[in-house]
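A.B. asks: Please work out how this folds:
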Amino acid sequence: MIITIMFLKFNSLLLCVLFSCATVTHSLQYFYTASSGIPHFPEFVTVGVLDGQPFTYYDSKIKKESPKQDWMAKSEGAEYWDRQTRASIADEQIFKGNIEFVKQRLNETGGVHVYQEMYGCEWDTETNNVTGYDQLGYDGEDFLAFDLKTETWIAPKQQAVIAKQKCDSDRALSARQKNYFTHICPEWLKKYLNYSGSSLRGTVLPSVSLLQKSSSSPITCHATGFYPHKAKLFWRKDGKQLHEGVNRGEILPNNDGTLQISADLALSSVKPEDWRSYDCVFQLCGVNKDIITRLDRAVIRTNEGNSLFMIIPMILALGVLAVITVIGFIIYKKKTGERTKQIL
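C.D. replies: From the prediction side, this is the model:
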């Protein structure tokens, strides 16, 4: 299955090399995917994501736009969801037509194909700056992207040059794109943030556990239930951060709107008496005090002996469906923080 997990990729971008809590950035993203040749997978899926949390969902099997967060279900009534459902049904038909059009253009028949789009905006609460992006692709490869600064399209592949030229020649399209990313998208971002209340904007500390499948397995430090996403989890030895032998995971969403992250530490070559030199550190933006968990055999949860091993719930939520990038010879017309489409 040729799918690029763009949702996880963008979450990883939120963690900069230099961990900084100077500002808080909120994001509103939409993921669309059309596919063909994938058994038991919806031919069309849309996911709305606020600050890394899926909050709306539609697919071609259920034929209904639905909330994925309680605060969203309570904030909008039947008229909103009916309107979004109609728009998504219309988008479904356009995306299905577009994927067939692209297949013909590339002289492809049969097989597995995925036609994707990811777009959205980010708002810096300190500077009030807003940035937007629209990334398009086919079969997991970048195909076209909108540059908000220049109001032009970028074609990384030769096959996309014709699409770029068509989009660049339509100045009305570029104007609509700019208006959406600089005005409409941030307006709905702030509106959805107000809907979410403290469930997304408050600071929530995690519970931290040490897990191990067997005595020969790596030790996993697992932090879950925290918010916001600007967090860092790492292992130390004698107070110095470790890089070798450490495998850090992505920040992933929980079903309740909080987040989780894990970091594995390989200790096969470390003597048990030296374990006391190691600890796991969790840092959260806006919280001055670190959560430090000392490596101690007595507190490790494992499946050996009589203790119960807690399986780390690497919940992708809708991330696996939020694999989206679309080919760009379509005109966008944005609505209620999302959009409708029509073919050029």
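A.B. asks: how much space between A298 and T152?
C.D. replies: Using Cβ to Cβ, to the nearest Å, we find A298 at a distance of 61 Å from T152. Where you see a C-beta, it was placed from the backbone N, CA and C, and this is true even at glycine.
A.B. asks: Oops, could you answer that again for K74 instead?
C.D. replies: Counting by Cβ to Cβ, the separation of K74 from T152 is 41 Å.
A.B. asks: ranges for the strands of the stretch 51-200 of the chain?
C.D. replies: For the stretch 51-200 of the chain, the strands defined by DSSP state E, counting those that start in this stretch occupy 53-59, 66-67, 113-124, 130-138, 141-147, 152-154.
A.B. asks: is it true that L211 touches R301?
C.D. replies: Yes - L211 is in contact with R301 according to Cβ atoms under 8 Å; the separation is 5.2 Å.
A.B. asks: Neighbour count for those two, which is higher?
C.D. replies: Between L211 and R301, L211 has the larger neighbour count (other Cβ atoms under 10 Å), namely 20 against 15.
A.B. asks: Can you pull the phi/psi pair for that one?
C.D. replies: Torsion angles at L211 (phi, psi; degrees, to the nearest 10) stand at phi -130, psi 150.
A.B. asks: about what we covered before: neighbour-wise, which of A298 and T152 wins?
C.D. replies: Comparing A298 with T152 by other Cβ under 10 Å, the one with more neighbours is T152, at 13 against 5.
A.B. asks: Just grab the bridge partners of the more buried one for me.
C.D. replies: Note on T152: beta-bridge partners by DSSP bridges are D147.
A.B. asks: and the gap between K271 and A160?
C.D. replies: Distance from K271 to A160, by Cβ to Cβ: 56 Å.
A.B. asks: CSV for the strands of the stretch 51-200 of the chain, including distance to T182?
C.D. replies: As requested, these are arranged in CSV below (distance: least, Cβ to Cβ, whole Å):
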stretch, distance to T182
strand 53-59, 22
strand 66-67, 27
strand 113-124, 8
strand 130-138, 6
strand 141-147, 12
strand 152-154, 16
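A.B. asks: mind listing the helices for the protein?
C.D. replies: Assigned by DSSP state H, the chain shows helices spanning 6-13, 70-75, 78-105, 161-169, 171-179, 185-196, 198-201.
A.B. asks: Between these, which one is closest to K237.
C.D. replies: Nearest to K237 among the helices of the chain is helix 6-13; the distance by Cβ to Cβ comes to 24.9 Å.
A.B. asks: avg pLDDT for that closest one?
C.D. replies: Across helix 6-13, pLDDT averages out at 38.
A.B. asks: cool, and stretch 194-207?
C.D. replies: Rounded mean pLDDT across stretch 194-207 is 79.
A.B. asks: same check, this time on stretch 279-290
C.D. replies: pLDDT averaged over stretch 279-290 gives 91.
A.B. asks: One more: stretch 154-164?
C.D. replies: Computed over stretch 154-164, the mean pLDDT rounds to 86.
A.B. asks: how deep is the closest residue to D279 other than its chain neighbours tucked in, by neighbour count?
C.D. replies: Residue nearest to D279 in three dimensions, not counting chain neighbours: R294, with 4.8 Å by Cβ to Cβ, 6 or more residues apart in numbering. Using other Cβ under 10 Å, R294 is surrounded by 12 other residues.
A.B. asks: ok, now which ones touch the closest residue in space to S36 that isn't next to it in sequence?
C.D. replies: What sits nearest to S36 in space, not counting adjacent residues and going by Cβ to Cβ, 6+ apart, is H113, at 5.1 Å. Going by Cβ atoms under 8 Å, 6 or more residues apart in numbering, H113 touches 2, 35-37, 99, 102-103, 138-139.
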